[in-house]
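Colleague: turn this into a model:
(2 chains)
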Amino acid sequence: MVKLTKRIGALVLRLAAFGAALAALIVMVTSRERASFFAVSLEAKYTDMAAFKYFVIANAVVSVYSFLVLFLPKESLLWKFVVVLDLVMTMLLTSSLSAALAVAQVGKKGNANAGWLPICGQVPKFCDQVTGALIAGFVALVLYVLLLLYSLHSVVDPFLLQKS
Amino acid sequence: MAVSKLVLAATSTKSCKVLLGLRVLAFSATLSAAIVMGLNKETKTFVVGNVGNTPVKATFTAKFQHTPAFVFFVVANAMVSFHNMLMIAVHLFGVKMEFTSFRLLSVAILDMLNVTLISAAANAAAFISEVGKNGNKHARWDKICDRFATYCDHGAGALIAAFAGVVLMLTISAISISRLAHPNKCSSSTAATPSVVP
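Modeller: Residues are numbered from 1 along each chain as shown, chains lettered A, B, ... in the order given. As a prediction, this is how the structure comes out:
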């Protein structure tokens, strides 16, 4: 009974992580704004920054992986691989979120020493959508850390909390 | 299966030496990345204009503290190298300590956390350096590497060391997780017997 609730809990966690990664992906891809000033029109898209492209790709990979693991049968031998792959996906999520945050922070505050002006004043809606995507990515990361701990527990199950 | 062979390899004492060697390498890589980026500073004088016939000079400094991503890079690399130093100390001097499953579990979890930390730091610094090297036409951000070449070179060296640390930490974490499944004490006095793979 306890095992069944644990398994259902893990499934719910993975479904939520899949949803969060998918949401981050979709919100970042649909962020686009056109602004014009002084007869110059500029369009801000997610493809302008390499870090945002990496964020989209990483979240796409994580979404596809989560979707596939949702259908993994309980007695499969592949659960040992799931531990390592969960670690790799968590690494992907942290690195993409951290890179996108670093670039978005420069876009919002600028970098006075390098002469880089902030762009959020000109394209506020783009900035808001990017912020939303980053928050969804952070939620996906937290869920994945919990999932990683659960996969570790399910592989080395009888060994925890024992004194050898 | 390849997984069970890896698990068997993790239980012999030879793999204990491999783990120790990998930890020493990771410690040196992350420490050198933190030090090189922490001492990264370049001051240059430029001619910004002309007043009549005399050129007007201004001095500009490029420091790692100007960019929050680099500050995070230095702090994270210092933390990961400290973690590796602690693990090396436990490995070498922890033979008298109680060998429980809690110890192995905490080592595995700490290794996993540090893998994610160092990968986040290395990636953030890498993407910021890419903007600094190539500029960004859409946001109208000029590149700075043509003016501060030494600063960029030192930063690139620190980044390479950090990415080497990422790969090493990932391997160390995989070995620590496999040691959880088949616990074996890494002491030089007793010869370890590999346990049977279920």
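Colleague: could you check how far the residue most central in space within chain A is from chain B?
Modeller: The centroid of chain A falls nearest to residue A:137 when counting by CA atoms, centre = their mean (3.4 Å). To chain B, residue A:137 is 12 Å away according to CB to the nearest CB, to the nearest Å. Where C-beta positions appear, they are placed from N, C-alpha and C, glycine not excepted.
Colleague: what residues are up against residue A:86?
Modeller: Taking CB atoms under 8 Å, 6 or more residues apart in numbering or on different chains, we find residue A:86 in contact with A:144, A:147-148, A:151.
Colleague: after the helix or strand hosting it, which helix or strand is next?
Modeller: Using DSSP states H and E, residue A:86 sits in helix A:79-109. Next helix or strand after helix A:79-109 toward the C-terminus (DSSP H and E): helix A:124-155.
Colleague: dump the contacts of residue A:86 into TSV; add pLDDT, neighbour count and distance to chain B as well.
Modeller: Shown next, in TSV, are the contacts of residue A:86 (pLDDT from 0 to 100; neighbours: other CB atoms under 10 Å in any protein chain shown; distance: CB to the nearest CB, whole Å):
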residue	pLDDT	neighbour count	distance to chain B
A:144	95	26	9
A:147	92	21	12
A:148	90	21	7
A:151	84	22	10
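Colleague: per-residue pLDDT, residue B:60?
Modeller: Looking at residue B:60, its pLDDT stands at 87.
Colleague: secondary structure class for it?
Modeller: At residue B:60 the chain is in strand, as set by DSSP: H, G, I helix; E, B strand; the rest coil.
Colleague: any part of stretch B:135-152 near chain A?
Modeller: Yes: applying CB under 8 Å from any CB of the partner chain, one finds that stretch B:135-152 is in contact with chain A at B:136, B:138-142, B:144.
Colleague: which stretches of chain A aren't confidently modelled?
Modeller: Along chain A, segments meeting pLDDT under 70 span A:37-39, A:157-164.
Colleague: surely residue A:107 and residue A:119 touch.
Modeller: Yes: using CB atoms under 8 Å, residue A:107 makes contact with residue A:119 at a distance of 5.1 Å.
Colleague: what ranges do the strands span in chain B?
Modeller: Secondary structure of chain B (DSSP state E): strands at B:41-51, B:54-63.
Colleague: let me have those in a markdown table, extended by distance to chain A and mean neighbour count.
Modeller: Output for the strands of chain B, formatted as a markdown table (distance: least, CB to the nearest CB, whole Å; neighbours: other CB atoms under 10 Å in any protein chain shown):
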| stretch | distance to chain A | mean neighbour count |
| --- | --- | --- |
| strand B:41-51 | 12 | 11 |
| strand B:54-63 | 7 | 12 |
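Colleague: do you know which of the ones you listed lies nearest residue A:133?
Modeller: The closest of the strands of chain B to residue A:133 is strand B:54-63. By CB to CB, the value is 31.0 Å.
Colleague: now for the closest one, which elements pack on it?
Modeller: Counting contacts by 3 or more CB pairs under 8 Å, 6 or more residues apart in numbering or on different chains; DSSP states H and E, strand B:54-63 is packed against strand B:41-51.
Colleague: grab the CA positions of the strand it packs on and hand them over as PDB.
Modeller: The C-alpha trace of strand B:41-51 is given here as PDB (Å, rounded to 0.1, in the frame of the first residue of the first chain):
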ATOM      1  CA  LYS B  41      41.800  42.100 -13.900                       C
ATOM      2  CA  GLU B  42      43.000  44.300 -16.700                       C
ATOM      3  CA  THR B  43      43.500  48.000 -16.800                       C
ATOM      4  CA  LYS B  44      43.900  49.900 -20.100                       C
ATOM      5  CA  THR B  45      44.100  53.500 -21.100                       C
ATOM      6  CA  PHE B  46      42.200  54.600 -24.200                       C
ATOM      7  CA  VAL B  47      42.100  57.800 -26.200                       C
ATOM      8  CA  VAL B  48      38.400  58.900 -26.000                       C
ATOM      9  CA  GLY B  49      38.600  62.100 -27.900                       C
ATOM     10  CA  ASN B  50      40.500  65.100 -28.900                       C
ATOM     11  CA  VAL B  51      40.400  68.500 -27.400                       C
END
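Colleague: and that strand, how far out from the chain's middle?
Modeller: Centre-to-centre, strand B:41-51 and its host chain are 35 Å apart (CA atoms, centre = their mean, to the nearest Å).
Colleague: just stretch B:121-133 next, same as before
Modeller: Using CA atoms, centre = their mean, the offset of stretch B:121-133 from its chain centre is 15 Å.
Colleague: contacts only, for residue B:165.
Modeller: The contact partners of residue B:165, taken as CB under 8 Å, 6+ apart, are B:26, B:29-30, B:33, B:77, B:80, B:118, B:122.
Colleague: which of the residues you listed fall in helices?
Modeller: B:26, B:29-30, B:33, B:77, B:80, B:118, B:122 (DSSP state H).
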